[in-house]
Structure formats: C-alpha cells, structure tokens
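K.L.:
sequence first, then the predicted structure:
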Amino acid sequence: MCYTVNRESPYRLKRFHKKGRKTAEFVALFVFVQTISSSQSAAMEQINAGIDQVAQIVQHNSATAEESAASSEEMSAQAVSLEELINEFRHRNSEAAKQQDNH
C-alpha cells in the first residue's frame, strides 16, 4: 500500500498543482474584473457629475432666456409709448407752427 501511495504521489501532485494554478488564475481574473468594475464605477460617477453640471447650466440658461424675453417685451412696450409721445409732440409743434403762421 505504501508503494501505491508513493507511486500515485506524482500524479496527485500534478493534479493538485493544476488545480492550484487554475485557482490562482481564477483569483487573478476575479481581481482583474473587480479592478475594472471599480474603474468603471468611478468613471460613471464622473459622468453623472458632469451630466448634473450640464443640467444646472441648461437650467440657468433657460432662466436667463426667459428673463431676456421678458425684458425684450418690456422694452418693446416702452418703445411704442415713446413713439406715441414723439408723435404727440410733433403734432403739437405742427399745430403751434400753423397758429403762428396764421397770426
């Protein structure tokens, strides 16, 4: 029996070595996948932070555009009022000039 154990020992060692090597390869592969997953997770966090910044800028630009539109409408209304006042002054000056010519 002792002879059989000694005779099978090299085969058992080879199988154990192969299994050990496969286990080491599996562990190395697992660590590699874990490292890549961590890198991808960090990259996704950076992308999400960038998207949040873009969203904030878009909101700010939208608010600024609304304010500009409101200011434009107000200026347009003021321009119409100013034009009406100028036309009234021109009409008054025209009437005053006609009255002076008649005297």
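P.N.:
Cool, the structure landed.

K.L.:
just say helix, strand or coil for Val31.
P.N.:
helix (DSSP: H, G, I helix; E, B strand; the rest coil).

K.L.:
now it: how far from Ser41?
P.N.:
Val31 is 15 Å from Ser41, where distance means C-beta to C-beta, to the nearest Å. For every residue, glycine as well, the C-beta is placed using N, CA and C.

K.L.:
and Arg92, how many neighbours does it have?
P.N.:
Arg92 sits with 10 neighbouring residues when counted by other C-beta atoms under 10 Å.

K.L.:
and it, what helix or strand is that in?
P.N.:
helix 2-102 (DSSP states H and E).

K.L.:
for the record, mean pLDDT for that helix?
P.N.:
For helix 2-102, mean pLDDT rounds to 86.

K.L.:
who are the packing partners of that helix?
P.N.:
Contacts defined by 3 or more C-beta pairs under 8 Å, 6 or more residues apart in numbering; DSSP states H and E place helix 2-102 against no helix or strand at all.

K.L.:
now that helix, how far from the centre of its chain.
P.N.:
Using C-alpha atoms, centre = their mean, to the nearest Å, the distance from the centre of helix 2-102 to the centre of the chain it belongs to is 0 Å.

K.L.:
Glu88 - how many residues pack around it?
P.N.:
Glu88 sits with 10 neighbouring residues when counted by other C-beta under 10 Å.

K.L.:
again, but for Ala49
P.N.:
A count of nearby residues for Ala49, using other C-beta under 10 Å, gives 10.

K.L.:
again, but for Glu45
P.N.:
By other C-beta under 10 Å, the residues close to Glu45 number 10.

K.L.:
please apply the same query to Asn61.
P.N.:
Here the count is done by other C-beta under 10 Å, and Asn61 has 10 residues near it.
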